[in-house]
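Participant: sequence first, then the predicted structure:
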Amino acid sequence: TDPYSRPTHETFPELPDCVTIVRMFIGLVYGISLGYRGVEGGIGIMLGLSSITFLPLLYVEQLLKAQVAEYPSNVTFQGVPNAMATLILAWTLIYTMNHAEMETAFAAGVKVAQTIITDANGDIGSSDATAEDEF
């Protein structure tokens, strides 16, 4: 659409779907970026949430001058959960691929923990302990 086209629900009913697709694309690109840069912690999620929510909204409301109040669905937050899931999935996948040694160390730690629990309880599946014995 042209800049300043002022779309409404009648002239461009696909706007909510387009905003959702753009948000998912932003989430995918930002998640890949976080994974390759090795970012850890909540700052990536907070900046990702801000980017996913406000960049498409800025485009729709400021550049297109769309009449978002006329749409039956809430264009402001439509697709944000989907885009956040895409961001976290891409971030986790790329980060894990780039840190295989951490994954190997974690798997070894889980194996040690299973061995310790098995040695303490005998066989995990055949334990006759009740809930009262465990606490």
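Facilitator: Everything's here; your move.

Participant: who's in contact with stretch 16-23?
Facilitator: Defining contact as CB atoms under 8 Å, 6 or more residues apart in numbering, one finds that stretch 16-23 is touched by 52-53, 56-57, 59-60, 71, 73, 75, 78-80, 82-83. All C-beta atoms are positioned from the backbone trio N, CA, C, and that covers glycine.

Participant: this structure: strands as residue ranges?
Facilitator: Using DSSP state E, the chain contains no strands.

Participant: low-confidence stretches in it?
Facilitator: By pLDDT under 70, the weakly predicted segments of the chain are 1-4, 122-135.

Participant: which residues in it form helices?
Facilitator: 15-37, 42-58, 80-98, 100-121, 131-134 (DSSP state H).

Participant: wait, which of these is closest to Ala66?
Facilitator: Nearest of the helices of the chain to Ala66, taken as CB to CB: helix 15-37 at 6.3 Å.

Participant: now find how far off-centre that closest one is within its chain.
Facilitator: Mean-position distance between helix 15-37 and its chain equals 9 Å (CA atoms, centre = their mean, to the nearest Å).

Participant: tell me which residues in it are buried?
Facilitator: Buried residues in helix 15-37, defined by neighbour count with 16 or more other CB atoms under 10 Å: 15-16, 18-20, 22-24, 26-28, 30-35.
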